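let me see the structure of the following:
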Amino acid sequence: MEQPIESTTINQYLLTIRIGSDGYNLSVFDESSILLSSKKVAASLFSISSDEIIKLLTPETQLNYRTLRLICESEIYTFVPALFFKPENATDFLQFLSKPIKSNQVLFNRIPQWDTVNVFSIPKTVHTALTHLFPDVPVEHHLGYFLGERVKLQSENSVSIAVRSNVMDVIVISGGGLQLINSYSFNTPEDFTYYTLNLFDKLQLDTENCNVVLYNAGKRPELQKTLELYLGVTTAEY
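Here you go, the predicted model:
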């Protein structure tokens, strides 16, 4: 739903600002978490200065919302069992995945219901701007938000797939616990289906008894159509 957000006092509502390299999305929800309004602003946020980001986002800070959530997309992330996590070692966990980027800020969020910690990094320019505008609001990683808010604790096996442009974020639940969290780049519906079926093969999931939920594919119906040739699929938004 693409509607302008009114610049009035709406302090009974929740605002989420989701930031990516190509811009940001503003979404307003009511007390029942029903989406009321949204809009997207295109901008190369990961390649401009903090001051420029602040200038872009400042109009949104004039609105008075009950709750504000900041969600940032990042391809540099990991999930660590809470038992083994220490804040002073957050950077070390990311170094297992890639070389540290000096221009990035390392952050982490605890997700208690899954007994895990999401460690990630975002450009320091983005972090500086958000800290300036919203000093009391923690920045969340998009997959940490997805796991905490959309993937429910369950005993059944499930595969949750969130579509972002040409990236698929995948969370696999097996035996009531997290088995895999990963992201894959794809170009065609066939690529998308291949990666999904490969997960079933490598993780030895039963195609007859594993729930597959496809999120945010409303604008990509070809993905759902191709996947449905092999699996039962439920769709949802987040």
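
which strand in this protein runs the most residues?
The residue-count maximum for a strand in the chain (DSSP state E) belongs to strand 10-20.

which elements pack onto that one?
On a contact count with 3 or more CB pairs under 8 Å, 6 or more residues apart in numbering; DSSP states H and E, strand 10-20 meets strand 23-29, helix 50-61, strand 65-72. Where C-beta positions appear, they are placed from N, C-alpha and C, glycine not excepted.

and Phe108, how far from Lys219?
Using CB to CB, to the nearest Å, Phe108 is found at 32 Å from Lys219.

which of these two has more residues huddled nearby?
Phe108 (21 against 7; other CB atoms under 10 Å).

hang on, that one in a strand?
Yes: according to DSSP: H, G, I helix; E, B strand; the rest coil, Phe108 belongs to a strand.

so it touches Asn118, yeah?
Yes: taking CB atoms under 8 Å as the definition, Phe108 is a contact partner of Asn118 at 6.4 Å.

please name the strands paired to the worst-scoring helix or strand of the chain on mean pLDDT in the sheet, noting orientation.
Confidence across the helices and strands of the chain bottoms out at strand 10-20, with a mean of 85, counting by mean pLDDT, DSSP states H and E. Partner strands and pairing direction for strand 10-20 (DSSP bridges) are strand 23-29 (antiparallel), strand 65-72 (parallel).

put together TSV for these, with distance to Leu180 on each row.
Listed next are the strands paired with strand 10-20 as TSV, based on distance: least, CB to CB, whole Å:
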stretch	distance to Leu180
strand 23-29	26
strand 65-72	21
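
export the ones you listed as CSV, with columns for mean neighbour count.
Shown next, in CSV, are these (neighbours: other CB atoms under 10 Å):
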stretch, mean neighbour count
strand 23-29, 18
strand 65-72, 18
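
all helices of the protein, in order?
Secondary structure of the chain (DSSP state H): helices located at 50-61, 90-95, 124-133, 142-150, 189-202, 221-227.

mind listing what's buried along the fifth one?
To tie it back to what came earlier, the one meant is helix 189-202. For helix 189-202, a neighbour-count test (16 or more other CB atoms under 10 Å) marks Pro189, Asp191, Phe192, Thr193, Tyr195, Thr196, Leu199, Phe200 as buried.

try the second one
Of the residues in helix 90-95, Ala90, Phe93, Leu94 count as buried by neighbour count, 16+ other CB under 10 Å.

flag every buried residue along stretch 55-63.
Those would be Leu56, Leu57, Glu60, Leu63, for stretch 55-63 by 16+ other CB under 10 Å.

nearest to Arg150, of the residues you listed?
Glu60 (23.6 Å; CB to CB).

tell me the pLDDT of the closest residue to Asn182 other than its chain neighbours.
The shortest distance from Asn182 to any non-neighbouring residue, by CB to CB, 6 or more residues apart in numbering, is to Val170 (5.6 Å). pLDDT, Val170: 97.

what does the one 4 residues further on give?
Turning to Ser174, the model gives it a pLDDT of 90.
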